[in-house]
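Undergrad: with the sequence up front, the predicted model follows.
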Amino acid sequence: MPQTPMVDHPDHEAGGSTSAATPLLSVRGLKTYFKLDEGTVKAVDGVSFDLFAGRTLGIVGESGCGKSISARSILRIVDRPGKIEGGEILLQQEGDNENAIDLLQLPHEGPELRAIRGKEIALVFQEPMASFSHYYTIGNQIMEAILLHSATSDDAARARAIELLGMVGVPNPERRVDEYPFQLSGGLRQRVMMAMALACDPRILIADEPTTALDVTTQAQVLNLLQRIQKERGLSVILITHDMGVVAEMADDVVVMYLGRAVEKGPVDEIFHDPKHPYTQALLRSIPSIMAKPRTKLATIEGSIPHPFARPSGCPFHPRCPDAIKGLCDVKEPPTHALRPDRAVSCFLYGDAS
Ligand code: SF4
């Protein structure tokens, strides 16, 4: 497998870390564009962030901000006409802090990349039905994931599938293993999806809006399960969500995305107690509070997300920003200002960029 020495790259936007610890996964200047007849959609436009071992990184933003495309780009499973146009995705080699492989340098659909998917990095989707086959039992589908990455017998793979189903809290796993996805509730399907993701003991789990399609009670159960599994296995998790409440509950570190850019990054406590970027501040104001008086109107973010073909000039948030500086924010793109080694913001209100 080709090896790329770990390099420190200058970040051109919030999201990079200069922490002394070596990140397990380091995304640098990632660009994923969709070239359509109507124009180019820059779904991910130079995003950088780090995932550290044993931690949960929350990637948060409104729908269409590029968070799911960032996740799919990591595994290089972006649907056409999407294409990764640039950047680096550096995955630390197991037991080796000195070298990382750049996943973008591996041949597309080659054996190295296939070995990494599932075995090193696994993905849990928002709607499991879309990723299950309707024609095979859940047991067969979990067994397939196990057999793809390890030389084991069918019997051992089936026993492991039952064990995994039990571990993620599927009741009667010996019976359920022979059921089809359509026989399960949404919550159980999400648990099975997690069992499948864990089948090969990955180092990194990417969970893309894992609870959005579920009712509130089931959401809490699935998030608790994810937290338990993460602790038990020392997993590193990238949690993609539009829900700041979920981030507060689950994440150690946060990247806030807006229109394909990472606009603010930092440890979760700091982002919540002292948000710097006007977009982060607006997102936090829109969380319902149990301390609020009854019938208090929930704050909403001014304006709406621009059409992907009509990306604003300058800072992409300027048409909605209450602090926008006329003649600057609508003209120039704000550079990234590192507030601390683990904290960064892309906004003219900070640093001497103005
Ligand atoms: Fe608002 Fe200007 Fe900061 Fe953008 S750069 S978030 S428009 S103040």
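TA: Now that the structure is in, tell me what you want to look at.
Undergrad: neighbours around Y135, how many?
TA: By the measure other C-beta atoms under 10 Å, the count of residues near Y135 is 9. Backbone N, C-alpha and C define where each C-beta goes, glycine included.
Undergrad: and the one 4 residues further on, by the same measure?
TA: Counted by other C-beta under 10 Å, the residues lying close to G139 total 21.
Undergrad: please name the residues that touch the residue nearest to it when sequence neighbours are not counted.
TA: Leaving out its chain neighbours, the residue that sits closest to G139 by C-beta to C-beta, 6 or more residues apart in numbering is V177, at 3.6 Å. By C-beta atoms under 8 Å, 6 or more residues apart in numbering, V177 lies in contact with 137-139, 142, 158, 161-162, 165.
Undergrad: ok, now with 6 Å
TA: 139, 161-162 (C-beta atoms under 6 Å, 6 or more residues apart in numbering).
Undergrad: and the longest helix along the chain, which residues are buried?
TA: Longest among the helix segments of the chain by residue count, using DSSP state H, is helix 216-233. Of the residues in helix 216-233, those buried under the neighbour-count criterion (16 or more other C-beta atoms under 10 Å) are 218-219, 221-223, 225-226, 229-230.
Undergrad: that one: what's the following helix or strand?
TA: Note on helix 216-233: by DSSP states H and E, the next helix or strand toward the C-terminus is strand 236-241.
Undergrad: for whichever helix or strand comes after that next one, what is the distance to the chain centroid?
TA: Beyond strand 236-241 on the C-terminal side, the first helix or strand identified by DSSP H and E is helix 244-250. With C-alpha atoms, centre = their mean, to the nearest Å as the basis, the distance from the averaged C-alpha position of helix 244-250 to the chain average is 13 Å.
Undergrad: in the stretch 51-200 of the chain, which spans are strands?
TA: According to DSSP state E, counting those that start in this stretch, the stretch 51-200 of the chain carries its strands in the segments 56-60, 82-92, 99-102, 121-124.
Undergrad: could you check the pLDDT of the most centrally placed residue in the chain?
TA: The centre of the chain sits closest to I240, judged by C-alpha atoms, centre = their mean, with a distance of 3.9 Å. Looking at I240, its pLDDT is 95.
Undergrad: I figured it hits K67, correct?
TA: Yes. Under the contact definition of C-beta atoms under 6 Å, I240 touches K67, with a separation of 4.8 Å.
Undergrad: circling back to that earlier point, how about residues contacting the longest helix of the chain?
TA: Helix 216-233 is touched from outside by 187, 190, 211, 237, with contacts defined as C-beta under 6 Å, 6+ apart.
Undergrad: just the mean pLDDT for it, thanks.
TA: When pLDDT is averaged along helix 216-233, the result is 88.
Undergrad: helix or strand with the lowest mean pLDDT in this protein?
TA: Averaged element by element with mean pLDDT, DSSP states H and E, the chain has its least confident helix or strand at strand 4-5 (a mean of 30).
Undergrad: send me the following helix or strand past it as PDB with only the CA atoms.
TA: Beyond strand 4-5 on the C-terminal side, the first helix or strand identified by DSSP H and E is strand 25-36. Listed next in PDB are the C-alpha coordinates belonging to strand 25-36 (Å, rounded to 0.1, in the frame of the first residue of the first chain):
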ATOM      1  CA  LEU A  25      -7.800  11.000  10.400                       C
ATOM      2  CA  SER A  26      -6.900  14.300   8.900                       C
ATOM      3  CA  VAL A  27      -8.900  15.900   6.100                       C
ATOM      4  CA  ARG A  28      -7.100  18.700   4.400                       C
ATOM      5  CA  GLY A  29      -8.500  21.200   1.900                       C
ATOM      6  CA  LEU A  30     -11.100  18.700   0.600                       C
ATOM      7  CA  LYS A  31     -13.000  19.800  -2.400                       C
ATOM      8  CA  THR A  32     -15.900  17.900  -3.900                       C
ATOM      9  CA  TYR A  33     -17.800  19.500  -6.800                       C
ATOM     10  CA  PHE A  34     -20.800  18.600  -8.800                       C
ATOM     11  CA  LYS A  35     -20.400  19.800 -12.400                       C
ATOM     12  CA  LEU A  36     -23.900  20.100 -13.900                       C
END
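Undergrad: which residue ranges of the stretch 51-200 of the chain form helices?
TA: Taking DSSP state H, counting those that start in this stretch to define them, one finds helices in the stretch 51-200 of the chain at 67-74, 111-119, 138-149, 154-167, 173-176, 186-198.
Undergrad: so can I have JSON lines of those helices showing mean pLDDT and distance to T300?
TA: As requested, those are exported to JSON lines (pLDDT from 0 to 100; distance: least, C-beta to C-beta, whole Å):
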{"stretch": "helix 67-74", "mean pLDDT": "94", "distance to T300": "20"}
{"stretch": "helix 111-119", "mean pLDDT": "89", "distance to T300": "38"}
{"stretch": "helix 138-149", "mean pLDDT": "91", "distance to T300": "40"}
{"stretch": "helix 154-167", "mean pLDDT": "94", "distance to T300": "41"}
{"stretch": "helix 173-176", "mean pLDDT": "95", "distance to T300": "42"}
{"stretch": "helix 186-198", "mean pLDDT": "89", "distance to T300": "28"}
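Undergrad: out of those helices, nearest to the ligand?
TA: Distance to the ligand, taken as C-beta to the nearest ligand atom, is lowest for helix 67-74 among these, at 18.3 Å.
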